[in-house]
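Asks: kindly return the folded structure for what I paste below:
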Amino acid sequence: MSTQSTEVVSVISPPPVARREEDKVCFAGVGTADWDAKMPRQSNDSSEKLLDPPVAISDPYGWLRDDKRENKEILDYLRAENDYSQSMTSHLKGLQDKLYDEFLSSIQETDYSTPRSREGFWYYTRTFKGESYTAYCRAPKVSDTFSIDWDGTKESPIMPGEEIYLNVNELAKGKSYCSVGRVKPSPSQNYIAYAVDFSGDEKYEMHVRNLQTGEDVALKEANGDDALLEIDGLLWGKDDDTLYYMTMDEFHRPYRLYQRKDWKSDNPKDTLLKEELDDLFWCSSYKSLDGKYIFFDTASKETSEVWYLSTEEESSVTEMSCVAKRRNKVLYEVEHGDDSWYVWTNVDGSPNMKLMTSPAKADSASEWELVEDSNGTPLFDGSLAKSLDSVTILNTHVVIEGREGGIPRVWVYSKDTKNMKMLSFDEAAYDVGMLAHFEADTKSIAVSYDSLVTPPSSIEISLDDDSKRTVLKTKAVPGYNKGDYGCDRMEVLSRDGETKIPVSVVYSNETMEKVKAGERVPVHLYGYGSYGACCEADFDTTRLPLIKRGMIYVIAHIRGGGEMGRQWYEEPNGAKYLCKKNTFNDFVDVAKFLVDKWTAPEMLSCEGRSAGGLLIGASINQAPELFKCAILGVPFVDVVVTMTDSTIPLTSGEWVEWGNPNEEKYHQYMMEYSPMNNVQKDKTYPACWLTGGLNDPRVAYWEPAKFTATLRHANPNNENPICMKLDLSAGHFSASDRYKYLRELAYDYSFLLDQLKLAN
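Replies: Below you'll find the model as predicted:
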């Protein structure tokens, strides 16, 4: 096969051929004789019947799985795939360089984040031209407001007295990967605790740095050996002597909360405060904004439970108390303020979350009461009208984030007047959310605001009069002229004849003029549609190179996400369990709408990452003729084989998202959409670009590898290339180096543009 370009003519070698083990199978249902009886086949509380006898599922490329990532044959095969992808795009080197330059030209490489107040300091981050990572900074707070007088150079401080207390560029020296997780200043502001991952496997080391001396200590296990402490989350207690941290089980699930006293000594004391042994439940910890409580949150996708410990009693009490015992399919989250719990919950089966309060005490569920306004009307009653996502408790107000009409919203509730008001903005569709707030005693809040055509701004808003607004910072986008672009929000009727799928569209005005004149134009369709997560109508400079080349960029807000509230996600009409196919059907219906309205199949591309990769895999199986090119980033495509096997990290917790294919109720339905099991033969599939990370703990590298091989095997004469690019030094979230990330994205988009004949 050969490809031609205006730059060079390259002779392309055939793709690698993975050997097939035709007799290799995995089993769904009851455990076979060689199955480890300690590993569950279903959740402890499931009453569904397991398949018995077990059902064999063909897995001819199952040999590509290596949990240790050490098998030479497999690593050689993955490198061969990378070499093939490189050869298939070698003629695009000039385009990749140009795309990379365009990405860089639209960002201000030396920049800073909006300063936020915390205990006598302004905290913010900086980036510097030519340096790949963030620097964490602070400056003394001399007044309640600030103004920035900065000359734009990397040498000049953003604020007087600036101190760089953690420069990730220094941590990353000599490392192929470096990702800093939480960074937490101590109560006295004299220390920071931070977490860092040097491999991409999301196993974090815990460090404490003395900000007065610069001494940096990697904390070790408390059992006396030299093993570094691997954590998932970290917190400070009431003072600088007490730390809290989470650890993970062997399957990468956060499940234990420890308290560490005397962390500076050679013999620190660790106390296990809480442990969650049910592997359906994922755990996290946090500290209330007022600093009075440490919380341990344990939750599946459907049920949750929160435990607490008073920081006033942390030196003498080591047993946590429960806010409300778990009840099946009751979700709740908790914050503290005014000696009360503020609880947002779907108790009593409401489709969305209610906002409730009760006294701050153990076993408080019977005393939860709806928060009402001055007229006695509940602020959030859990109905379909609006959804509630998070609550911030300030001294005088409560700030609530949620959604209404498919758009993110922020409401401000006055504790004094008992009135609630939604913050309004001029554009019809936008993305808005609270910036970090570390102090409850405040007269204003700061939000981040952007839209498909409006770069992000940080806006300070008075709590008493929301018309009093100050723009604290607007993201600089060099060369961008908002007037050259337009955006729309529309609805597409799904195949069920009832559901209206929201769609966000951004384009150049020049391209839309062509459409109005009757010309067909290239379109890129993006989607996700799982876990109730939302794809927002936000601003993204990395879309600009596509849009400038005449593409319309479309975001499909399909079911399975949370854009229209939890009902958009949950059964019976969302896209979970036995209605998951709605996700894929919605996406294909939007694609058909775009072909009818603006484009043609040979000009239509699509993209999704992770569970969004599942979306793309299922969609191109359903309608391969509809797309010319597909990008599947770290795609979850081997749904049934993965979900039958609880030895794969994080699998069993996902049974309450997709269903369990070991059970009769779900098996056949999941087999009908799992991308690996539904590749059509003798069809022309779109060109596919699959990506993965060798150390990815969320979607294992073998999923894109197996799907790549399956697509090629089913359609050996497919004229469109199937390529996989696997990062051998990264995990689920791609490169940690911001410049490497843009290089990788340029690589991905060069393939897409070439397939759509837009490379020139």
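Asks: show me where the protein has helices.
Replies: 72-88, 93-105, 168-171, 509-516, 544-548, 581-597, 611-622, 639-644, 655-658, 664-671, 702-714, 738-755 (DSSP state H).
Asks: in TSV, list those helices along with mean pLDDT and distance to Thr470.
Replies: Heads up, the C-betas are built off the backbone N, CA and C, glycines and all. Shown next, in TSV, are the helices of the chain (pLDDT from 0 to 100; distance: least, Cβ to Cβ, whole Å):
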stretch	mean pLDDT	distance to Thr470
helix 72-88	97	49
helix 93-105	97	29
helix 168-171	97	30
helix 509-516	98	31
helix 544-548	98	28
helix 581-597	98	39
helix 611-622	98	37
helix 639-644	97	49
helix 655-658	95	42
helix 664-671	98	52
helix 702-714	98	46
helix 738-755	96	29
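Asks: so which of those helices is the most surrounded?
Replies: Most buried of the helices of the chain, by mean neighbour count (mean count of other Cβ atoms under 10 Å): helix 611-622, with a mean of 27.
Asks: can you pull the buried residues of stretch 226-237?
Replies: Buried residues in stretch 226-237, counted by 16 or more other Cβ atoms under 10 Å: Leu229, Glu230, Ile231, Asp232, Gly233, Leu234, Leu235, Trp236, Gly237.
Asks: of those residues, which pair is most distant in space?
Replies: Spatially, the most separated pair among the buried residues of stretch 226-237 is Glu230 and Gly237, at 20.7 Å (Cβ to Cβ).
Asks: Val492 touches Thr499, doesn't it?
Replies: No: between Val492 and Thr499 there is no contact under Cβ atoms under 8 Å: 9.2 Å.
Asks: quick revisit: which of the helices of the chain sits closest to Ala687?
Replies: Closest among these, once you apply Cβ to Cβ, is helix 738-755, at 4.4 Å.
Asks: what does the closest one contact?
Replies: With contact meaning Cβ atoms under 8 Å, 6 or more residues apart in numbering, helix 738-755 is reached by 3, 5, 88-89, 92, 95-97, 99-100, 103-104, 127, 132-133, 524, 542, 545-546, 549, 605, 607, 628-629, 631, 633, 686-687, 689, 691, 720, 723, 725, 727, 734-735, 759.
Asks: same thing with stretch 113-129?
Replies: Contacts of stretch 113-129 (Cβ under 8 Å, 6+ apart): 109-112, 133-141, 144, 146, 154, 158-159, 164, 169, 185, 187, 189, 435-439, 442, 446, 458, 472-473, 738.
Asks: if you set the cut-off to 6 Å instead, what comes out?
Replies: Under the contact criterion Cβ atoms under 6 Å, 6 or more residues apart in numbering, stretch 113-129 has outside partners 109-112, 134-139, 141, 146, 154, 159, 189, 436, 438-439, 458, 472-473.
Asks: repeat that for stretch 284-292.
Replies: Taking Cβ under 6 Å, 6+ apart as the rule, stretch 284-292 contacts Gly233, Leu235, Met246, Leu257, Ile294, Phe295, Phe296, Asp297, Thr311, His336, Ala440.
Asks: same deal with stretch 499-506?
Replies: Here stretch 499-506 has contacts from 406, 452, 487-492, 494, 537, 553-557, 586, 590, using Cβ under 6 Å, 6+ apart.
Asks: swap the cut-off to 8 Å and go again
Replies: Residues contacting stretch 499-506 (Cβ under 8 Å, 6+ apart): 406, 429, 452-453, 485-494, 535, 537, 543, 547, 552-559, 563-564, 573, 582, 586, 589-590, 593.
Asks: also stretch 457-466?
Replies: So stretch 457-466 is in contact with 114, 394, 396-397, 412, 414, 421, 423, 435, 442-450, 468-475, going by Cβ under 8 Å, 6+ apart.
Asks: which pLDDT value belongs to Ile12?
Replies: Looking at Ile12, its pLDDT reads 66.
Asks: tell me the contacts of the closest residue to Gly433 other than its chain neighbours?
Replies: Nearest residue to Gly433, sequence neighbours excluded (Cβ to Cβ, 6 or more residues apart in numbering): Ser448, at 5.7 Å. Contact analysis of Ser448 by Cβ under 8 Å, 6+ apart lists Asp431, Val432, Gly433, Met434, Leu435, Pro456, Ser457, Ser458, Ile459.
Asks: identify the bridge partners of the second one.
Replies: Beta-bridge partners of Val432, counted by DSSP bridges, are Tyr449.
Asks: burial of it, as a residue count?
Replies: 19 (other Cβ atoms under 10 Å).
Asks: and what of the fifth one?
Replies: Residue neighbour count, defined by other Cβ under 10 Å, stands at 15 for Leu435.
Asks: check the third one too.
Replies: As a burial measure, the neighbour count of Gly433 was computed by other Cβ under 10 Å and equals 16.
Asks: quick check: end-to-end length of stretch 379-395?
Replies: End-to-end distance for stretch 379-395: 18 Å, by Cα to Cα, to the nearest Å.
Asks: okay, and which of the contacts of stretch 113-129 map to strands?
Replies: Among these, DSSP state E puts Asp111, Tyr112, Ala135, Tyr136, Cys137, Arg138, Ala139, Ser458, Leu472, Lys473 in strands.
Asks: most surrounded residue in those residues?
Replies: Arg138 (25 neighbours).
Asks: what's opposite that one in the beta bridge?
Replies: Tyr123, Glu163.
Asks: how close does it get to Glu439?
Replies: Remark: distance between Arg138 and Glu439 (Cβ to Cβ, to the nearest Å) = 14 Å.
Asks: so what pLDDT did the residue nearest the centre of the chain get?
Replies: The centroid of the chain falls nearest to Ala533 when counting by Cα atoms, centre = their mean (8.1 Å). Ala533 is assigned a predicted lDDT (pLDDT) of 96.
Asks: from Arg609, how far out is it?
Replies: 11 Å.
Asks: spit out the residues that contact these two alike.
Replies: Joint contacts of Ala533 and Arg609 (Cβ under 8 Å, 6+ apart) do not exist.
Asks: could you find the closest non-adjacent residue to Pro60?
Replies: Arg20 (4.1 Å).
Asks: buried among the contacts of stretch 499-506? Make that a PyMOL selection.
Replies: Applying 16+ other Cβ under 10 Å to the contacts of stretch 499-506 leaves a buried subset, and the PyMOL line that selects it is:
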select buried, resi 406+429+452+453+485+487+488+489+492+494+535+537+543+547+552+553+554+555+556+557+558+559+563+564+582+586+589+590+593
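Asks: so which of the contacts of stretch 499-506 sit within strands?
Replies: Going by DSSP E, the strands hold 485-493, 552-556 from those.
Asks: okay if I get the contacts of Ser448 as CSV plus distance to Gln42 and pLDDT?
Replies: Shown next, in CSV, are the contacts of Ser448 (distance: Cβ to Cβ, whole Å; pLDDT from 0 to 100):
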residue, distance to Gln42, pLDDT
Asp431, 39, 97
Val432, 41, 98
Gly433, 37, 97
Met434, 39, 97
Leu435, 43, 97
Pro456, 44, 98
Ser457, 49, 98
Ser458, 47, 98
Ile459, 49, 98
